[in-house]
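>>> How does the following fold in three dimensions:
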Amino acid sequence: MTTVTAMPHVRTSPVQRSRGDSAVAAAAYRHGERFTDERTGEIHDFRARGGVEDGFIVTPEGAEWAQDRSVLWNAAEHAERRSNSQTAREYIVGLPHELNKEERREVAEQFARELVQRYRVAVDVALHTPSPDGDQRNWHMHVLTTTRTVDPDGFGQKTRELDDQKQGPKEILALRERLAQIQNDALELAQVERRVDHRSHAERGIAQEPQKEHFGREITAERRAVAQEMAQIRDELQEMGIGAGTPRSDDPRMQARDAASAIDNWVEQARVLAQQMREQVRHQVERAAQVAREVVQGIGQKVGQVLGSVQERFERINREREAEGSSQAGREAVSDRFRRIEQERAAQPPDAPLTAAERLARAEQVGQASGPQRAVGERSDLSARGEKPSAVSGEAPKPRGQRE
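Reported below is the predicted structural model:
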């Protein structure tokens, strides 16, 4: 038996510059990629995120230049000049959980082609898986479209159909109806009994228990306190530049509704800011690591030079010590020789005393070598001792009394 249920949720919202939104950041986040916003110079890196199952871009015929995601959304940012411009529009569409990956992609492609044919815009689709800690049936897609028509040469006029107060709701209703048809066709091909309906319960004639508007003083006060707290958080975020430019209602219920509808944008912007901070910290860490490597390298070179100098000094000292040791050994060898000679002399017996004849003979030998003065000296020495000179000296004794 075929059962009919309400179609999964469909939400649409603009990517608005006055709230701090960026089409480049939105595309990077939804696809888990890294893009640089050429208009602001900011880097949006979401490659670490998960949950992206698939993605693709559909463009009007002849506008193949828009198939490059970074080129497309940077061009969309450059095309707008005002500070409150809408640079993209997003559709968040729930998908039947009974479909497999290929069937979900087919539904997404058909819906994207419907938007291209209806508004002549570029359509960027990101298929997401359910959150690990959420409802595992929550298969959904994020659809970003340009707010201008796309031509082979660039962007054309603004698309105003969805912004018009009278035409906008009709357009949304027509898109929901078409999306329900696409999903039901996919469910039928997948042989799933369930069907979806884009209409509300009241439009389908389904009786519902009316919601009570009066909840009593305590619940009303609690709701008002929650609304005021959310409004205060919103004001603090706006002071930080997150969600700036969004009007604030005086009605607490409207404040709560506005805050709830803006929570997704705030979370995304907070993630973008956190990612930018991580990117800056990463650059700083890389620079610090490079500086540290350079310092360590310089210290290593200096230490090497010092060690080389110290090694040279030690080698020179060793050479000097070796030379000094050799000289000392030489000096010690000479001393040993002198000591040996002295010991040998001491060991020899003393010479016997010479007789007068031996002394005279030695004196004559010395005289022959030294000359007449040496001989006269010897004779005077003999005379002093009372000895007569020998005839061998070659001199005749002079007569007594003869003057010289």
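>>> This structure: strands as residue ranges?
Assigned by DSSP state E, the chain shows strands spanning 4-6, 10-16, 34-36, 43-45, 52-58, 86-94, 123-128, 140-145, 148-151, 154-158, 195-197.
>>> Give me the packing partners of the second one, helices and strands only.
Pointing back at strand 10-16 there. If contacts are counted by 3 or more C-beta pairs under 8 Å, 6 or more residues apart in numbering; DSSP states H and E, strand 10-16 sits against strand 86-94, helix 167-189, helix 252-347. Any C-beta I mention is one placed from the backbone N, CA and C, and that applies to glycine too.
>>> CA atoms only: put it into CSV for me.
The C-alpha trace of strand 10-16 is given here as CSV (Å, rounded to 0.1, in the frame of the first residue of the first chain):
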residue,chain,number,x,y,z
VAL,A,10,13.0,22.8,1.8
ARG,A,11,14.6,26.0,3.0
THR,A,12,15.9,28.9,1.0
SER,A,13,18.0,31.9,2.1
PRO,A,14,20.3,34.5,0.5
VAL,A,15,24.0,34.7,0.9
GLN,A,16,24.2,38.4,1.9
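>>> Can you tell me which of the helices and strands packed on strand 10-16 is most buried?
strand 86-94 (a mean of 22; mean count of other C-beta atoms under 10 Å).
>>> before we move on, back to that, could the helices and strands packed on strand 10-16 be laid out in CSV, adding distance to residue 21?
Rendered in CSV, the data for these read as follows (distance: least, C-beta to C-beta, whole Å):
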stretch, distance to residue 21
strand 86-94, 7
helix 167-189, 19
helix 252-347, 6
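>>> Tell me which of those lies nearest to residue 3.
Closest to residue 3 of the helices and strands packed on strand 10-16 is helix 167-189 (C-beta to C-beta; 10.8 Å).
>>> Report how many residues lie close to the nearest residue to residue 45 once chain neighbours are set aside.
In this structure, residue 45 finds its nearest non-sequential neighbour in residue 34, 4.1 Å apart by C-beta to C-beta, 6 or more residues apart in numbering. Counted with other C-beta atoms under 10 Å, residues neighbouring residue 34 total 15.
>>> Next one: residue 34 from residue 25, what distance?
According to C-beta to C-beta, to the nearest Å, residue 34 stands 11 Å off from residue 25.
>>> quick one: low-confidence ranges for the chain?
1, 8, 200-273, 275-276, 325-335, 349-354, 366-404 (pLDDT under 70).
>>> re earlier: which neighbours do residue 34 and residue 25 share?
Contact criterion C-beta atoms under 8 Å, 6 or more residues apart in numbering; residues shared by residue 34 and residue 25: residue 44.
>>> quick revisit: can you tell me which of the strands of the chain is nearest to residue 342?
With distances scored as C-beta to C-beta, the stretch of the strands of the chain nearest to residue 342 is strand 43-45 (96.5 Å).
>>> Okay, now the sheet partners of that closest one, with direction.
strand 34-36 (antiparallel) (DSSP bridges).
>>> Show residues contacting the strand it pairs with.
By C-beta under 8 Å, 6+ apart, the surrounding residues in contact with strand 34-36 are 24-25, 27-28, 42-47, 69-70, 73-74.
>>> Report the contact partners of residue 196.
Here residue 196 is in contact with 4-8, 96, 180, 183-184, 187 (C-beta under 8 Å, 6+ apart).
>>> separation between the nearest residue to it once chain neighbours are set aside and residue 186?
Among residues not flanking residue 196 along the chain, residue 7 sits closest, at 4.0 Å (C-beta to C-beta, 6+ apart). Using C-beta to C-beta, residue 7 is found at 12 Å from residue 186.
>>> Same question for residue 139.
For residue 139, the distance to residue 186 - C-beta to C-beta - is 12 Å.
>>> Are there residues contacting both of the two? Which ones?
Residues touching both residue 139 and residue 186 by C-beta under 8 Å, 6+ apart: 96, 99.
>>> Can you give me the buried ones in stretch 109-124?
110-112, 114-116, 119-124 (16 or more other C-beta atoms under 10 Å).
>>> From those residues, which land in helices?
110-112, 114-116, 119 (DSSP state H).
>>> between the residues you listed, which is closest to residue 65?
residue 116 (14.9 Å).
>>> for residue 60, what are its contacts?
So residue 60 contacts 116, 120-122, 149-151 (C-beta under 8 Å, 6+ apart).
>>> and it, backbone torsions?
Phi and psi for residue 60, reported as degrees, to the nearest 10, are phi -60, psi 160.
>>> For residue 103, grab the count of nearby residues.
Residue 103 has 18 nearby residues by other C-beta under 10 Å.
>>> Let me fix that, I meant to ask about residue 158.
14.
>>> where's it relative to residue 91, distance?
From residue 158 to residue 91 the distance is 18 Å (C-beta to C-beta).
>>> likewise residue 357?
Applying C-beta to C-beta to residue 357 and residue 91 gives a distance of 152 Å.
>>> try residue 37
According to C-beta to C-beta, residue 37 and residue 91 sit 22 Å apart.
>>> same question, residue 114
Separation of residue 114 from residue 91 (C-beta to C-beta) stands at 11 Å.
>>> Identify the contacts common to the two.
In contact with both residue 114 and residue 91: residue 175, using C-beta under 8 Å, 6+ apart.
>>> The helices and strands packed on strand 10-16: which one's closest to residue 198?
With respect to residue 198, and counting by C-beta to C-beta, the nearest of the helices and strands packed on strand 10-16 is helix 167-189 at 4.0 Å.
>>> and residue 162, what does it touch?
12, 89, 168, 171-172.
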